[in-house]
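A.B. asks: Next come a sequence and a model predicted from it.
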Amino acid sequence: MKSVLRTVLCTMGLLLPSVLFPSAAAADNPIVQTIYTADPAPLVHDGRLYVYTGHDEDGSTWFTMREWRVYSTTDMANWTDHGSPMSLETFAWADDNAWAGHVVHRNGRFYWYVPVRHRATGSMAIGVGVSDSPTGPFHDALGRPLVNNNEIDPNVFIDDDGQAYLYWGNPNLWYVRLNPDMISYSGAPTQIPLTTAGFGTRTGNPDRPTLYEEGPWVYKRNGLYYIVFAAECCSEFIGYSTAPTPTGPWTYRGTIMPTQGSSFTNHPGVIDYRGGSYFFYHNGALPGGGGFTRSVAVEKFSYNADGTFPTITMTTAGPPQIGTLDPYVRQEAETTAWAQGVETEPSSEGGMNVGYIENGDYLKVKGVAFGGGASSFTARVASATDGGRIELRLDGPTGTLVGTCTVTGTGGWQSWTSVSCPVSGATGTHDLYLRFTGGSGYLLNVDWWRFTSQ
Ligand code: FUB
């Protein structure tokens, strides 16, 4: 991503990312800025909201995707990067197209259904990764495809009676009843009739007379079954249908999210979390973004009284933060509302760290509750060069300076040490900016940080 940003800036004759991102300090959408992400699939587990995504490679001119990624939040504003716990290498029988998947929790395990290209046939198939943890690592549950009919975008819904259904398809829409083991099924895959009553009317494409295109997302709310999907092509919008049973008959209900946002695909994920309803999607909102370099974003919404959707439009603000973030416990550096100019990578001390930090880059952490005041700041850092400084600023990358930590070389990018510095003037609740300054080239890495209260 860093190299893409630099190329874009040079091409445009721009020197500073802030020129491209005049409102980056205020924006929280897209939720990931360090890489291009696509095809969000949210899951709530043990009080956290996880979102599983694909990863569009930098500079892609096709859906060039080799791995999946995981992010999580507890406040809908600050997201933790958990890296990539599953990739094409997980599936020995697959060779390309790590496309739109879905994770469900059952039997104490996490099952990740993904479409990939089957090496032996060259056609798309659906595999299943399994893990004991929502952040992986995942391994191939079957050693072969679960479904192999050259269609994509699996989504699993578990009904109140325990019956699980796998839905998928483009250009058709299929379902099959999964067995309780979640990695086998009973009965034959069944095509859901794509009628115009069920899925709306598309004009100008006799091969696809309904609006259904791909990306089904099925769930139940107040006894009503919903199927939300990418509609029409191209560009896609997000539409939905409802039914009295998980197998239909479906009735088309209209548009949720109109065509917007510089990506000709879109992909829905709908979930309730901590009393609110959230709509995940993707667009092409980052620099260099477009149809093959997409970014996942999220909006908060409320259902209408009759259970229908309001129209949801893409924003750069994203949802309001739920609560505040505690700076007096260890916070991962890769937990951010916005990460400007940096990348993440696996840390030798576990989890991820923020790296590839250059002069002027920054991390925004939203809604940090300093309360009566912080007296010092400690960070876990490493540097293979001469290091740099971590400026602690409030409410903007050039906002009030409340402390500066100096980092010197540690002998390696994964040679970690802790540095501390005094803090003054950090009281109440503010957006915290860790702004990095120093010479040219990469300065330092950060694994985690913590303030001490007065
Ligand atoms: O990301 C690759 C494909 O693009 C997905 O499988 C579709 O849903 C579309 O978003």
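C.D. replies: Sure, I can see it. Numbering: from 1, shown residues only.

A.B. asks: can you pull the contacts of the residue nearest to F138 when sequence neighbours are not counted?
C.D. replies: Closest residue in space to F138, ignoring its immediate chain neighbours: G129 at 3.5 Å, by C-beta to C-beta, 6 or more residues apart in numbering. In short, each C-beta sits where N, CA and C put it, glycine included. Contacts for G129 (C-beta atoms under 8 Å, 6 or more residues apart in numbering) come out as 86, 90-91, 111-112, 114, 136, 138-141.

A.B. asks: Does stretch 280-294 reach the ligand?
C.D. replies: No - Stretch 280-294 stays clear of the ligand (C-beta under 6 Å from any ligand atom), getting no nearer than 7.0 Å.

A.B. asks: and that stretch, how far apart are its ends?
C.D. replies: End-to-end distance for stretch 280-294: 13 Å, by C-alpha to C-alpha, to the nearest Å.

A.B. asks: one step back: now list the buried members of the contacts of G129.
C.D. replies: 86, 90-91, 111-112, 114, 136, 138, 140-141 (16 or more other C-beta atoms under 10 Å).

A.B. asks: Do the host helix or strand of the residue nearest to F138 and the ligand come into contact?
C.D. replies: Using DSSP states H and E, G129 sits in strand 124-131. No - on the criterion C-beta under 6 Å from any ligand atom, strand 124-131 is out of touch with the ligand, staying 8.9 Å away.

A.B. asks: any idea of the mean pLDDT for the very next helix or strand once past that strand?
C.D. replies: Per DSSP H and E, strand 124-131 leads on to strand 139-140 as the next helix or strand towards the C-terminus. The predicted model assigns strand 139-140 a mean pLDDT of 98.

A.B. asks: continuing past strand 139-140, what's the next helix or strand?
C.D. replies: Immediately after strand 139-140, counting by DSSP H and E, sits strand 155-158.

A.B. asks: What strands flank that next one, and is each parallel or antiparallel?
C.D. replies: Counting by DSSP bridges, the strands paired with strand 155-158 are strand 164-168 (antiparallel).

A.B. asks: Quick check: P42 is in a strand.
C.D. replies: Yes - when DSSP: H, G, I helix; E, B strand; the rest coil is applied, P42 is found to be in a strand.

A.B. asks: So which helix or strand of this structure has the lowest pLDDT on average?
C.D. replies: helix 17-20 (a mean of 34; mean pLDDT, DSSP states H and E).

A.B. asks: Strands of the stretch 301-450 of the chain, residue ranges please.
C.D. replies: Using DSSP state E, counting those that start in this stretch, the strands of the stretch 301-450 of the chain run over residues 331-332, 335-336, 338-340, 343-346, 352-355, 362-371, 374-383, 388-394, 400-407, 412-422, 428-437, 445-453.

A.B. asks: Then the stretch 51-200 of the chain?
C.D. replies: 65-73, 79-81, 86-87, 94-96, 102-106, 109-118, 124-131, 139-140, 155-158, 164-168, 174-178, 185-191.

A.B. asks: Let's have the contacts of G129 in a markdown table, adding distance to Q340.
C.D. replies: Output for the contacts of G129, formatted as a markdown table (distance: C-beta to C-beta, whole Å):
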| residue | distance to Q340 |
| --- | --- |
| M86 | 28 |
| T90 | 31 |
| F91 | 35 |
| Y111 | 35 |
| W112 | 30 |
| V114 | 31 |
| G136 | 27 |
| F138 | 30 |
| H139 | 35 |
| D140 | 37 |
| A141 | 38 |
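
A.B. asks: From the residues you listed, pick the one nearest V368.
C.D. replies: Closest approach between the contacts of G129 and V368, by C-beta to C-beta: G136, at 28.8 Å.

A.B. asks: Could you find the closest non-adjacent residue to that closest one?
C.D. replies: For G136, the closest residue by C-beta to C-beta, 6+ apart turns out to be P85, at 2.4 Å.

A.B. asks: contacting residues for that neighbour?
C.D. replies: The neighbours of P85, taking C-beta under 8 Å, 6+ apart as the test, are 68, 70, 131, 135-138.

A.B. asks: Tell me where the model's unsure across this protein.
C.D. replies: 2-26 (pLDDT under 70).

A.B. asks: Residues of it that sit close to the ligand?
C.D. replies: 38-39, 54, 63, 99-100, 115, 152-153, 214-215, 230, 265, 267.

A.B. asks: if we go to 5 Å?
C.D. replies: For the chain, the contact set with the ligand under C-beta under 5 Å from any ligand atom comprises 38-39, 63, 99-100, 152-153, 214-215, 265, 267.

A.B. asks: Residues in a beta bridge with Y362, which ones?
C.D. replies: The partner residues for Y362, given DSSP bridges, come to Q340, R435.

A.B. asks: Can you name the residue of the stretch 101-250 of the chain nearest the ligand?
C.D. replies: Residue nearest to the ligand within the stretch 101-250 of the chain (C-beta to the nearest ligand atom): G215, separated by 4.1 Å.

A.B. asks: Just to check, that residue is in contact with D39?
C.D. replies: Yes - look at G215 against D39 with C-beta atoms under 8 Å: they come within range, at 7.4 Å.

A.B. asks: and for those two, which residues touch both?
C.D. replies: Both G215 and D39 are in contact with 100, 267, where contact means C-beta under 8 Å, 6+ apart.

A.B. asks: Between the two, which is the more surrounded one?
C.D. replies: D39 (33 against 28; other C-beta atoms under 10 Å).

A.B. asks: Of the residues of the chain next to the ligand, just the buried ones, ChimeraX syntax please.
C.D. replies: Here is the ChimeraX command that selects only those of these that count as buried (16+ other C-beta under 10 Å):
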select :38,39,63,99,100,152,153,214,215,265,267
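
A.B. asks: want to throw the residues of the chain next to the ligand into TSV with distance to A384?
C.D. replies: Putting these into TSV (distance: C-beta to C-beta, whole Å) gives the following:
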residue	distance to A384
A38	32
D39	35
F63	35
W99	36
A100	37
I152	42
D153	42
E214	44
G215	42
T265	39
H267	38
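
A.B. asks: From the ligand, how far out is the residue nearest to G136?
C.D. replies: 18 Å (C-beta to the nearest ligand atom, to the nearest Å).

A.B. asks: Make 59 the starting number, not 1.
C.D. replies: Will do, 59 is the new start, and the previous item becomes P143.
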